[in-house]
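Colleague: Quick one: sequence and predicted model below, then my questions.
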Amino acid sequence: MNKRAAGYIAEQLAAEYLEREGMVILERNRKCGGVEADIIAADGKELVFAEVKASKYAGAHPIEHVTEGQIRRYVRAARSYIAEKKLFGVNVRFDVIEVSDGTVRHTRCAFVAPEGC
C-alpha cells in the first residue's frame, strides 16, 4: 500500500474514532490559510484541530512525529479557519492521532499555540 492510501485509511479510522468518542466532524482535509488540516471537529464547546499520523511503527508517542513546522502551520490553519467562520473567542485544542496497524492512539492537547488562537 502506498503512503497516500495509508494516510487516507488512517484519517478514516481517526474520524470514526473521534465520532465514537462523541465528537462531531466538521471538516476533513480542509485548506485553511494555505495549510491542510486533517480533521476539524467539535468536542462540546471546543474546536479541535487533529493531525493524523499513519505509522508502521508502534511504540513512539504520536506527538514525537509532529515537527515544529507542522505545529506552526496548524496554528496558522486554526487562526484562518476561526477568522473565516467568525468563531472568535472559541476554545481551540490541538490533538494528534496516530494510527498504527489499525490501532488508534489519541493525544488530546498535544500542543498549544505559542501566542494563542
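Modeller: Ah, there it is.
Colleague: Residue 6: helix or strand, and which one exactly?
Modeller: helix 3-20 (DSSP states H and E).
Colleague: helices or strands up against the helix or strand following that helix?
Modeller: Using DSSP H and E, the helix or strand that follows helix 3-20 towards the C-terminus is strand 24-32. The helices and strands touching strand 24-32, judged by 3 or more CB pairs under 8 Å, 6 or more residues apart in numbering; DSSP states H and E, are helix 3-20, strand 35-43, helix 68-85. No exception for glycine: its C-beta is placed from N, CA and C like everyone else's.
Colleague: what sits up against the following helix or strand past the shortest one?
Modeller: Counting by DSSP H and E, the element after strand 35-43 in chain order, helix or strand, is strand 46-54. By CB atoms under 8 Å, 6 or more residues apart in numbering, the list of residues contacting strand 46-54 from outside reads 3, 6-7, 9-11, 14, 18, 23, 26, 37-42, 62, 65-66, 70, 74, 77-78, 81-82, 87, 90-100, 110.
Colleague: Give me the distance between strand 46-54 and the centre of its chain.
Modeller: Its chain's average C-alpha position is 1 Å from that of strand 46-54, according to CA atoms, centre = their mean, to the nearest Å.
Colleague: now that strand and strand 35-43, what's the angle there?
Modeller: Computed by axes from the mean of the first three to the mean of the last three CA atoms, to 10 degrees, the angle separating strand 46-54 from strand 35-43 equals 130 degrees.
Colleague: Mind listing what's buried along strand 46-54?
Modeller: Buried residues in strand 46-54, counted by 16 or more other CB atoms under 10 Å: 47, 48, 49, 50, 51, 52, 53, 54.
Colleague: cool, and stretch 13-33?
Modeller: Quick answer for stretch 13-33 (16+ other CB under 10 Å): 13, 14, 15, 17, 18, 23, 25, 28, 30, 32.
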